[in-house]
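**Student:** Need coordinates for the below:
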Amino acid sequence: MKENELNAADEFARLVEIVAALRAPDGCPWDREQTHESLRAHLIEETSEVLEAIDLRDDAALCEELGDLMLQPVMHAQLAAEEQRFDVAQVLHEINEKLVRRHPHVFGDRKANTAEEVLRNWDAIKRAEKGEDKSTFHSRLDGIAVTLPALMKAHKVSKKAVKAGFEWPTQAELLDKVQEELEELRQGIAAQDAQNTADEIGDLLFTVVNVARWHKIDPELALHDTVNRFKKRFAHMERQAAKQNRELESLTPDEWETLWQAAKAELQQSG
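**Tutor:** Residues are numbered from 1 along each chain as shown. Next comes the predicted model:
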């Protein structure tokens, strides 16, 4: 190792020691008050900031945000260690053992030449590890976190269902299903049936998620990108309206459309 080069093991051990010091009786009052439950929002927030840094392709920010995110599991492990439930060493041992077990094509003698083969092997090994009791019913859709964002959860459910053979025979039939769900949504709206309308919106969204899966597109990321594009175009419209000393609320539908198309064209040119 080069002189002054950082050592990952040493730095991780230092992080564990720092977190333990923060939680000590003479440590930080804020850190000492934290629980698994109180830290949930921070875990979500730090994950979001990592994703933002990735989107921005900002290496400095990504390095910093990954550190902030890494703090969270160390803190949770420290809380568990204080209650003598498990510690950070056990957490690391569990993930290390799992990675070796589920990658026999790397650490064993099994072959896997494609990503699809790797996933099939992973699922088979995972099922074997669970050692499911045959007398107890287990759905193939079990094991998906209930707290996932809805689009991400729908995508995972869809992919698991497909592995069991639940799939549209052709893309054309899947797109027909989108049209069918859209028509049922129109009927729900026409009937002024709020619950039915909500149900049909859900059905339509789930079917569109399947279209995304068919094309190997992550629907969560696709919607994320669309929302970002919308925000940029909307801000452009606000700036253009301000130059005319106009409020957006005062624009006519035709003026809205003109500004929208201008924003769309300009932002496309600028990349």
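
**Student:** Spit out the contact partners of residue 184.
**Tutor:** 200, 203 (Cβ atoms under 8 Å, 6 or more residues apart in numbering). (Each C-beta comes from the backbone N, C-alpha and C, glycine too.)

**Student:** Could I get the phi/psi values of it?
**Tutor:** The phi/psi pair for residue 184 (degrees, to the nearest 10) reads phi -70, psi -30.

**Student:** what does residue 155 give?
**Tutor:** phi -60, psi -40.

**Student:** what's the burial count for residue 98?
**Tutor:** A count of nearby residues for residue 98, using other Cβ atoms under 10 Å, gives 13.

**Student:** What lies in contact with the strand or helix carrying it?
**Tutor:** Applying DSSP states H and E as the criterion places residue 98 in helix 88-101. Helix 88-101 is touched from outside by 16, 73-74, 77-78, 81, 107, 125, 129, with contacts defined as Cβ under 8 Å, 6+ apart.

**Student:** So among these, which ones count as buried?
**Tutor:** 16, 74, 77-78, 81, 125 (16 or more other Cβ atoms under 10 Å).

**Student:** For these, could you give me CSV that also reports distance to residue 199, secondary structure and pLDDT?
**Tutor:** Listed next are the buried ones among the contacts of helix 88-101 as CSV, based on distance: Cβ to Cβ, whole Å; DSSP: H, G, I helix; E, B strand; the rest coil; pLDDT from 0 to 100:
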residue, distance to residue 199, secondary structure, pLDDT
16, 49, helix, 97
74, 43, helix, 98
77, 42, helix, 98
78, 44, helix, 98
81, 46, helix, 97
125, 38, helix, 87
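
**Student:** about what we covered before: who does the helix or strand just after the helix holding residue 98 touch, helix- and strand-wise?
**Tutor:** The first helix or strand that comes after helix 88-101 along the chain, using DSSP H and E, is helix 104-107. Contact here means 3 or more Cβ pairs under 8 Å, 6 or more residues apart in numbering; DSSP states H and E; on that basis helix 104-107 packs against helix 115-130.
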